[in-house]
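Predicted coordinates and the sequence they were generated for:
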Amino acid sequence: MSASSDRVIIFDTTLRDGEQSPGCTMSLSEKILLAHALEGLGVDVMEAGFAAASPGDFEAVNTIAKEVNSIVVTSLARALEQDIEAAAKAIEPAKNKRIHTFLATSPLHMEYKLRKSPAEVLKMIEKAVRFAASCTADVEFSCEDASRSDKIFLVEACEAAIAAGAKTLNIPDTVGYAQPEEYGKLIAHLKEHVKGSENIIFSVHCHNDLGVAVASSLAALKAGARQAEVTVGGIGERAGNASLEELVMALTVRKPYYGLTTNIKTPLIYPTARLLSRIIGQTYARNKPILGANAFAHESGIHQAGVLSNPETYEIMTPASIGLTDNNAIVIGKHSGRSALKSKLDSMGYQLEDAQIDKMMLAIKVLADKKKQIFDEDIEALVVEKVHRVPDKFRLVHLSILSSDIGVPPTCMLVMEKDGKECRHSGFGVGSVDAVFKTICHVCEAKPTIEEYSVNSISGGSDAQGEVFVRLAQNGRVAIGRASDPDVINASAKAFINALNRLAKN
Ligand code: KIV
Ligand code: ZN
């Protein structure tokens, strides 16, 4: 792809900048699952993690580098030799690889964070990019906090990176400070003044602190940037990053305005975002563009009448264009065979190994005994829960609840496994869920704060699976738990235990 082409490179950083945000931590197998979904979605570059950050991050980048085929895999690295070495080693197995190294260029960051002079920073950029370029031909350099950097110095920093071998220059709005028009002008300025800019791709990476990350990214693309760094659902540090789905759909719906294309298969946007939501245990706000439950809902009579006579009156894109369909035909049930399940899973983008399909067969049969219809959402929940769940320290064996309206407090009787040993306990609570959580805490010797607890119905009907999300905090760490079960009390207990397991693992 060249700097002058109409094609925008979609650089997905859900697994790095997204995963970095509190409560969005993913296990290795969850990252792999999402990596395959992102590859299927058609992202061009996948930032799989920050290899030098921890052995777990290294393993994640390295495993994803082995797993994905058609796209570029990159690891973030500070402008330090040991970070770049770790990144190079982690991405080594990838067919297409990139090292993404960065250093701050704003006066504030240089003085207070790096404690380096501008001249020292230029030298570090030169050295880091040259070293990265000796490891792999494809090097991206990011001027961290670029939007608050001095423009003259930013030009020098970009030129130093180009001279040392960078092929992509990322100009992050690290703190979400820039305004769209201003940010577009910054890109135009760099394109005009940076020597050698015609041979490199300018990339944009906007945070959403003032709610304009997507608008700024679009303004920058209009001004000539050709790579956008985004995350699914906009997850990321603080207020998040620019949302992949919003940016891509703006380019798609307003194609005549932007004149730009991407490789994203837009009907896979919704399934990918739903998978992410299930993995991190967070739902999208109802009014969130593209993904929110209300994004395609028409409430007022006037709107409904308009949409009925012509959907274009109030719909600028169809639900189907982002993969939101009513196509919930029941194809999988109690009597479905292994090959039917495998082809269903394949069609949903899950390539499971034989042993994993065996687990799914078993889980489907158990679920089919409790529930009449099995929807795609149920299958997805089981894939995440049964196949990609982190190995557990705590496990629920049996739960029974007594609840009455004659003044006896709800009572929970619990049998659990803790490090493989069976424990029994019973306890009371203000309500059934409270009794369950308190009893579990006693058995697990945990004292978390419950920051969030929500119950959703996965599919329609009173026999729908209840999907529970909990967000727990303990000793400064945050973990999300999720579980689904036709019984919401069981789902609550499992989600709570799932979060405790994540806290125990962190
Ligand atoms: O926000 C930022 O500046 C970053 C860089 C490391 C690219 O995430
Ligand atoms: Zn960022």
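Now that the structure is in, tell me what you want to look at. Ligands and ions are numbered 1, 2, ... in the order given.

for the closest residue to ligand 1 within the stretch 201-350 of the chain, helix, strand, or coil?
In the stretch 201-350 of the chain, the residue that lies nearest ligand 1 is His205 (5.1 Å; Cβ to the nearest ligand atom). C-beta coordinates here come from the backbone N, C-alpha and C atoms, glycine included. At His205 the chain is in strand, as set by DSSP: H, G, I helix; E, B strand; the rest coil.

Name the helix or strand of the protein that has the lowest mean pLDDT.
helix 301-309 (a mean of 77; mean pLDDT, DSSP states H and E).

What helix or strand is the residue of the chain positioned farthest from its centre located in?
Largest separation from the mean C-alpha position in the chain: Ile406, at 46.5 Å (Cα atoms, centre = their mean). Ile406 is part of no helix or strand, with elements assigned from DSSP states H and E.

okay, the helix or strand hosting Glu126 in CSV with CA atoms only?
Following DSSP H and E, one finds Glu126 within helix 118-135. Provided in CSV are the C-alpha atoms of helix 118-135 (Å, rounded to 0.1, in the frame of the first residue of the first chain):
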residue,chain,number,x,y,z
PRO,A,118,15.2,17.1,22.7
ALA,A,119,18.6,16.3,21.2
GLU,A,120,18.9,13.1,23.4
VAL,A,121,15.4,12.1,22.3
LEU,A,122,16.3,12.5,18.6
LYS,A,123,19.4,10.3,19.2
MET,A,124,17.3,7.7,20.9
ILE,A,125,14.8,7.6,18.1
GLU,A,126,17.5,7.2,15.5
LYS,A,127,19.2,4.4,17.5
ALA,A,128,16.0,2.5,18.3
VAL,A,129,14.5,2.7,14.7
ARG,A,130,17.9,1.6,13.2
PHE,A,131,18.1,-1.3,15.6
ALA,A,132,14.5,-2.3,14.9
ALA,A,133,15.1,-2.0,11.1
SER,A,134,18.0,-4.4,11.5
CYS,A,135,15.6,-7.0,13.0
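
any residue of it up close to ligand 1?
No: judged by Cβ under 6 Å from any ligand atom, helix 118-135 stays clear of ligand 1, getting no closer than 12.9 Å.

buried sites along that helix?
118, 121-122, 124-133, 135 (16 or more other Cβ atoms under 10 Å).

chain center to that helix: distance?
In terms of Cα atoms, centre = their mean, to the nearest Å, the centre of helix 118-135 is found 30 Å from the chain centre.

Show me what it packs onto, helices and strands only.
helix 81-91, strand 96-104, strand 139-144, helix 151-164 (3 or more Cβ pairs under 8 Å, 6 or more residues apart in numbering; DSSP states H and E).

Tell me which of those is the most buried.
Greatest average neighbour count among the helices and strands packed on helix 118-135 goes to strand 139-144 (a mean of 26), per mean count of other Cβ atoms under 10 Å.

And it, what does it pack against?
strand 96-104, helix 118-135, helix 151-164, strand 168-173, strand 201-206.

can I get these in CSV with mean pLDDT?
Shown next, in CSV, are the helices and strands packed on strand 139-144 (pLDDT from 0 to 100):
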stretch, mean pLDDT
strand 96-104, 98
helix 118-135, 98
helix 151-164, 98
strand 168-173, 98
strand 201-206, 98
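
could you give me the average pLDDT of the helix or strand hosting Glu181?
Using DSSP H and E, Glu181 maps to helix 180-193. Helix 180-193 comes out with an average pLDDT of 98.

State the number of residues packed around Ile374.
22 (other Cβ atoms under 10 Å).

State whether it is indeed within a helix.
No: applying three-state DSSP, one finds Ile374 to be coil, outside a helix.

Verify the contact between it and Ala363 for me.
No: using Cβ atoms under 8 Å, Ile374 is not in contact with Ala363, being 10.4 Å away.

What about Ala363, how many residues nearby?
18.
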